[in-house]
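# Let's see this in three dimensions:
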Amino acid sequence: MQAIRSREGFLQLVRFAVVGVASALVDLGSLFLLVERAGVWYLSASVVAFCLSYGVSFVFQKIWTFRNADRTATHQQFALHLVLQLCNLALNTGAMYVLVEQYHLWYLMARVMVDGTIAIESFFIGRWIFRHRSA
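Numbering: from 1, shown residues only. Model (predicted):
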């Protein structure tokens with residue numbers, strides 16, 4: 001928490017939020033189109049939408065949010081970020097199932113709630129994944 005109290009830390013949090021919103025728009029837009037237009041089951045569509053937004057998230061979080069242009073660590077960062085996102089996907093899908101099937105929330109509302117919660121842990125883990133390494 002101390003790290004986000006600095007000006008750069010605050011700006012990093014703002015950039016993270018902007019990329020998060022862009023990724024969420026890709027995610028929610030894809031989810032809506034797959035369910036409402038293509039007739040895909042909401043959980044299957046949720047997995048596909050999550051994967052589509054992953055590309056937006058990784059590239060912009062690495063380069064813009066966390067200002068990490070180091071290409072030597074990209075494979076390791078990609079692997080760590082992918083593990084984070086796959087864990088998030090499992091959390092996301094499980095939580096969506098509970099919120100939709102057990103609590104009868106609208107699937108898009110459930111997704112927004114779940115994504116907001118997951119964003120908090122993703123910021124701090126992302127900072128660790130994309131931290132600058134000294135050569």
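# okay, CA-based contacts and neighbour counts for the rest of this
Noted.
# In terms of helices and strands, where is residue 21?
Under the criterion of DSSP states H and E, residue 21 resides in helix 7-32.
# what about residue 59, how many residues close to it?
Using other Cα atoms under 10 Å, residue 59 has 13 neighbouring residues.
# what's the answer for residue 7, then?
10.
# Residue 41 now?
If you count neighbours by other Cα under 10 Å, residue 41 ends up with 12.
# My guess is it contacts residue 35. True?
Yes. When contacts are counted by Cα atoms under 8 Å, residue 41 is listed as touching residue 35 (6.2 Å).
# Need the residues that contact whichever helix or strand comes after the helix holding residue 21.
Using DSSP H and E, the next helix or strand after helix 7-32 towards the C-terminus is helix 42-60. Identification of contacts with helix 42-60 by Cα atoms under 8 Å, 6 or more residues apart in numbering yields 19-20, 22-24, 26-28, 30-31, 34-35, 78, 81, 85, 89, 93, 97, 107.
# Output helix 42-60 in PDB with nothing but the alpha carbons.
Extracted in PDB, the C-alpha atoms of helix 42-60 (Å, rounded to 0.1, in the frame of the first residue of the first chain):
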ATOM      1  CA  TYR A  42     -23.100 -17.800 -20.600                       C
ATOM      2  CA  LEU A  43     -20.300 -19.800 -18.800                       C
ATOM      3  CA  SER A  44     -18.700 -20.900 -22.100                       C
ATOM      4  CA  ALA A  45     -19.100 -17.400 -23.400                       C
ATOM      5  CA  SER A  46     -17.500 -16.100 -20.200                       C
ATOM      6  CA  VAL A  47     -14.400 -18.200 -20.700                       C
ATOM      7  CA  VAL A  48     -14.000 -17.100 -24.300                       C
ATOM      8  CA  ALA A  49     -14.600 -13.400 -23.400                       C
ATOM      9  CA  PHE A  50     -12.000 -13.700 -20.600                       C
ATOM     10  CA  CYS A  51      -9.400 -15.100 -23.000                       C
ATOM     11  CA  LEU A  52     -10.100 -12.400 -25.600                       C
ATOM     12  CA  SER A  53      -9.500  -9.700 -23.100                       C
ATOM     13  CA  TYR A  54      -6.300 -11.400 -21.900                       C
ATOM     14  CA  GLY A  55      -4.300 -10.100 -24.900                       C
ATOM     15  CA  VAL A  56      -5.300  -6.500 -24.300                       C
ATOM     16  CA  SER A  57      -4.500  -6.900 -20.600                       C
ATOM     17  CA  PHE A  58      -1.000  -8.400 -20.900                       C
ATOM     18  CA  VAL A  59       0.400  -6.100 -23.500                       C
ATOM     19  CA  PHE A  60      -0.900  -2.900 -22.000                       C
END
